[in-house]
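Trainee: what follows is a predicted structure for the sequence shown.
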Amino acid sequence: MVYTAKIPVPASNKEISVSTGLFINNEFVSSVDSSEVIQCFNPATEEVIASVVAGSSKDIDVAVAAARQAFKTTWGKNVTGWERSRLINKLADLIERDSQELAELETLNNGKPVAVARDFDIGDSIQCLRYYAGWADKITGQTIEVDNKNKMAFTRHEPIGVCGQIIPWNYPINMWAWKVAPALAVGCTIVMKPSELTPLTALKLSELVVEAGFPPGVINTVPSLGNVGGAALSAHLDVDKIAFTGSTITGRKIMEAAAKSNLKKVSLELGGKSPQLIFESADLQQAAAWTALGICYNTGQDCTAGSRVYVQDSVYDKFIDVLVSTVKETVIGNGFDKNTGGGPLVSKAQFDRVWGYIDAGKAEGAKVVLGGERRNTKGYFVDPTIFTDINSEMKIVKEEIFGPVLSIGRFKTEEEAIALANNTTYGLGAGLHSTDASQCMRVSGLLEAGTVWVNQYNMLSNNVPFGGKKQSGIGRELGSYALEEYTSIKAVHWNIGEKLQWPL
Amino acid sequence: MPYSDTNSRNPFISGTKIEAVLTSLSHKMTSTFTYEFNTPIYKGKTSFDTGLYINGKFVEGSDKSTIDVINPATGKLITKVAEATPKDVDIAVAAAHKAFETTWGLNMGGAERSKLLAKLAQLMEEHQQELAALEALDNGKTFTWAMDVDTTFAIDTIRYYAGWADKIHGQVQETDEKKLSYTRHEPIGVVGQIIPWNFPLLMMSWKLGPALATGNCIVMKPSEFTPLTAIRMCELIHQAGFPPGTFNLLTGYGNTVGAAISSHMKIEKVAFTGSTLVGRKIMEAAAKSNLKDITLELGGKSPNIIFNDADLDQAVNWAAHGIYWNHGQACCAGSRIFVQSGIYDQFLAKFTEKTRSLKVGDPFDVDSYQGPQVSKLQYDRIMDYIQSGKDQGATVHLGGDRNGTEGFYINPTIFTDTTPDMKIVQEEIFGPVGVVIKFEDEEDVIRQANDTVFGLAAAVFSQNITRALTTAHRLKAGTAWVNCVNQLHSNVPFGGFKQSGIGRELGEYALHNYTAVKSVQVNLGHIM
């Protein structure tokens, strides 16, 4: 039985049709053994907008088998880089064609503003696919001189095989593209598990996968709960690699499951508690603007959210004034409203979690200088909230909140600033604002993070690698680096002239 | 220093005159070429402007002269196209410079360049049949080959380099914390590109792809013998949305426009594909003018070595492809066929039979394998070589004569009984003329194979992979084919050893030809 949901778009009197089955072998199918469904909510209205089939662990088996079959017959080493490139480019073209509808669907299920979804999430995704389409015919190994005469050696960068990919709800389409593009470019096949909170756009994209002409089984999409489908993928003996973006707690479980099963290769892009340092020489207006972007973009639901800001004593008061007035300009509202800069939080659970942190911050004695008050309306809206007078032991300073909640501390010296910034188990992003070039170089070298932004924040490019140090992750996405996550290197040693004397 | 000389020599380069000249470019005086193909294999119409393409406009040449474009299948005029002269080179260079400084070069991001190149590839795909037909008409190659190889490979190449445009990386060098040292791979600037007549569109794509991907601006001269596809491409380039001046096309002669490009003080790099003779002149001109960077892809006299233990039928097929493909007008043509004595007679018999089976005929006939040579000049040159082979005592084993009475057709020709000092063994003929030479052992053949000033390509056939690879490694050539010949891919580098050239085209390697590496060293705290 195959299902289709018709989801009304209130703002435009349209309907978006989404296939709600499991996408396996280029077809939408029902579960082999379960009648469970996942309900999808609109976080701006708290209403259910669709239900999709919830995949079971048996469905994961079916999807993995489909991906394995494709890898052996139509994809993997059976297809040239040029053909992979062509198909990925085609997929990008189709997403570009449908970007408005995809954006509206993203807004309905995730809450973010339509323009942001269309121009940033989807615009960047199209570019990401095109970028990796360009890599597909540029996978090169090395030839290695051994003795220039009798022996040669070379490396082949082969696709790993079947990849499980588990993606989060904060950027459903964009994280889909980050995962799918490099895997397809090098010739892997995919079993994708979108977040149970936001599975709709991944299903919609699956329709485009068929239209682009990918062979059946190359990309399979199985919406499922993390502890069902995610657990099954992580522990699966025929999945060669698992890539995950999400919380550190879940990342740890996935790595454990990989260790206990077939030692599958793991890449993890996890949480953060990213610091920004504002030095006294900084352009304070600019620093405030980037700080606002760092904590308010995507309503703080961003793994690199700049959630701890440390300001040098001499400019502290002035910076707080500028920052508060800058952040005040942020409009949190319905994603279909053109004035909205940020949507609601994605779910009730997330809403409760963020309020839990705000309440904890107040209880532990931090001072609220902006926000911190509940709205009494429908929808999971949280206005930007800024805490000062913090200390390193507070929950709001130590833990990832994943909402628009900023903690601001102060420092006297550069050494102190670096110590504060690095005082965390995370290491995803970090920012520093200073007009002293030597200081920029020194501090960027000492910050423990996979990405350091100098006089800017949260800006990514498809050709620049991204990933975490410490407990923020393993491996790198984007750039040529991501290709390494999906290839296994085979060294071929070839004897063309040496005669072996035995015994030695 | 050289720039001030140029300015005094060239009124267009300095001051406000550039603007005036560029805006005065008018396309009104140019002609339109219209042609209706009504052939067994392709029916369709083409129509385009035959002017020079400068600063995004079709214009007539400064001297208002034209070049006759001849159909090699008939020897008759196809059309006239505008002729560029050195004055036009100055104008085109000014346009290219302006684009480089304002809209292209470091003014446009790689992702955007990528998009434009991908768009161009798509437009070429949409016009593939038309381009292939024009190529067949102008060059004489068969429509089938033009479809399967020239146009297909050209589209692949453009698409391949579209992919590189947003992947140009420098390095960061670790020094110490008081210093930041990194490299930028910057576009060189205005580059001159001079392309040959044997694969007009394909060579255009090899040149254009990496140059535009890395952000250079181009002044290109196609061969005066085969300018049509290049001119047709200008409209597609225009349609794709490249800013005016990014790409400029000057149809003209080598000793005027080619010479002006090579010696131009404001062209910072010249890339040439053609004969070794002309390549040398270009390098000299670069040396005498502004020491511009050069890449040269020149001639060859490539050996094809067939050992006793080769798969004989396969070796015959590949050897025929090696020498007869594109009527022998390929710089990598396997024109010296070395066959080991144990299979020599058998090989020659089968190779003769294979050669006989190749149909020479009209490029638009479905079953034609070989069309006419490109020009009367080329026809005469090849016939002179054939005559010299006879005069020097070689045996014409097959062919050696004209095919038909009209057009520049030559029958596929096999020479035997040659000696190493004969012209037909030493020099590049660039026609369907192969010499088959018997050899005894590996040492002997490697010595003979390497006994040439050229070093473009080589091939070896053996079922013993150790022998095949050892031989391939000992041959002095930029490309060595093992159990195949004339295989090229957009991601595999191509270029010559010895006097066959300088630099490499295709693959990532070609990007180095079009980037200047700048080291930036920033002092962050080292006190002097």
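Mentor: Now that the structure is in, tell me what you want to look at. Residues are numbered from 1 along each chain as shown, chains lettered A, B, ... in the order given.

Trainee: any regions of the stretch 101-250 of chain B where pLDDT drops low?
Mentor: Scanning the stretch 101-250 of chain B with the threshold set as pLDDT under 70 gives no residue ranges.

Trainee: and the residue of it nearest chain A?
Mentor: When distances are taken as C-beta to the nearest C-beta, the stretch 101-250 of chain B approaches chain A most closely through residue B:163, which lies 2.5 Å from it. C-beta coordinates here come from the backbone N, C-alpha and C atoms, glycine included.

Trainee: not counting residues beside it along the chain, what's closest to that residue?
Mentor: The shortest distance from residue B:163 to any residue other than its chain neighbours is 2.5 Å, reached at residue A:134 (C-beta to C-beta, 6 or more residues apart in numbering or on different chains).

Trainee: and the one you found, what element?
Mentor: Counting by DSSP states H and E, the secondary-structure element that holds residue A:134 is helix A:123-136.

Trainee: buried ones in that helix?
Mentor: A:123-136 (16 or more other C-beta atoms under 10 Å in any protein chain shown).

Trainee: got it, and stretch B:433-447?
Mentor: Within stretch B:433-447, the residues scored as buried using 16+ other C-beta under 10 Å are B:433-439, B:442, B:445-446.

Trainee: contact partners for the residue of the stretch 1-150 of chain A found nearest chain B?
Mentor: Closest residue of the stretch 1-150 of chain A to chain B, C-beta to the nearest C-beta: residue A:134 (2.5 Å). Listed by C-beta atoms under 8 Å, 6 or more residues apart in numbering or on different chains, the contact partners of residue A:134 are A:85, B:114, B:162-167.

Trainee: what number of residues lie near residue 331?
Mentor: Assuming you mean chain A. Counted with other C-beta atoms under 10 Å in any protein chain shown, the burial measure for residue A:331 works out to 13 neighbours.

Trainee: think we crossed wires, I meant chain B
Mentor: Other residues within reach of residue B:331, judged by other C-beta under 10 Å, total 27.

Trainee: for it, which non-adjacent residue is closest in space?
Mentor: That would be residue B:300: by C-beta to C-beta, 6+ apart, it lies 5.2 Å from residue B:331.

Trainee: next, the one you found: secondary structure please.
Mentor: coil (DSSP: H, G, I helix; E, B strand; the rest coil).

Trainee: where does the stretch 251-400 of chain B dip in pLDDT?
Mentor: By pLDDT under 70, the stretch 251-400 of chain B contains no weakly predicted segment.

Trainee: can you give me the strands for it?
Mentor: With DSSP state E, counting those that start in this stretch as the definition, the stretch 251-400 of chain B shows strands at residue ranges B:269-273, B:293-297, B:303-306, B:336-340, B:395-398.

Trainee: partners of the last one, with directions?
Mentor: To tie it back to what came earlier, the one meant is strand B:395-398. Looking at strand B:395-398 with DSSP bridges, its paired strands and their directions are strand B:413-416 (antiparallel).

Trainee: cool, the first one as well?
Mentor: Sheet neighbours of strand B:269-273, with direction, are listed as strand B:190-194 (parallel), strand B:293-297 (parallel) (DSSP bridges).
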